[in-house]
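>>> build me a model:
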Amino acid sequence: MKKNKKGVILAENIIFIVLNLIFLLILIFFLFSKVGGAAVLEEKYAKQIALMIDSAKPGMEIHLNVKDALEKADSEEFEGKIIEVVGNIVTVKLREKGGYSYSFFNDVDVSTYLDDINKGEYVITVN
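I've put the predicted structure just below:
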């Protein structure tokens, strides 16, 4: 006796396809949720500031536009200092539970403050 197996889809194949689709949807959702998130901005600014400090000469004053970071900190309802330099480590924090730290090589004293005149600018002074 010969069985006709043409067009028969096994239950295992359907389960395999459905599980793969669910996995891909979760992966896509995760990627889209992280693209514009605070974690990405924290990492971007910490590395950018560390590179600027490494290339700065003593006495330089760097003005950095951080309007998008301030808006993200407001949306996360974070009220603290978003850019902080302690020793040779730059820490950018845009949310209560989080933050990103990155170190620089220069042995300089660095101070940061939010510019009151130019809203949305941080001033980084290399001493």
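
>>> next secondary structure after the longest helix along the chain?
Taking DSSP state H as the assignment, the helix of the chain that covers the most residues is helix 11-35. Once helix 11-35 ends, the next helix or strand along the chain (criterion: DSSP states H and E) is helix 38-55.

>>> same for that next one, what does it pack against?
Of the remaining helices and strands, those touching helix 38-55 by 3 or more C-beta pairs under 8 Å, 6 or more residues apart in numbering; DSSP states H and E are strand 61-65, helix 67-75, strand 83-86, strand 89-92, strand 100-103, strand 121-126. Placement of C-beta: from N, CA and C, glycine included.

>>> residue contacts, the residue nearest the centre of the chain?
Closest residue to the average C-alpha location of the chain: residue 40 at 1.5 Å, with C-alpha atoms, centre = their mean. Taking C-beta atoms under 8 Å, 6 or more residues apart in numbering as the definition of contact, the neighbours of residue 40 are residue 34.

>>> can you check the pLDDT for it?
According to the per-residue confidence, residue 40 scores 89 in pLDDT.

>>> just residue 51 next, same as before
With respect to pLDDT, residue 51 scores 96.

>>> any idea how many residues pack against it?
13 (other C-beta atoms under 10 Å).

>>> check residue 88 too.
Using other C-beta under 10 Å, the number of residues around residue 88 comes to 16.

>>> residues contacting it?
When contacts are counted by C-beta under 8 Å, 6+ apart, residue 88 touches 103, 104, 105, 106, 107.

>>> kindly list the main-chain dihedrals of it?
Here the main-chain torsion angles of residue 88 (degrees, to the nearest 10) amount to phi -120, psi 30.

>>> low-confidence ranges, this structure, go.
Along the chain, the parts satisfying pLDDT under 70 run over 1-9.
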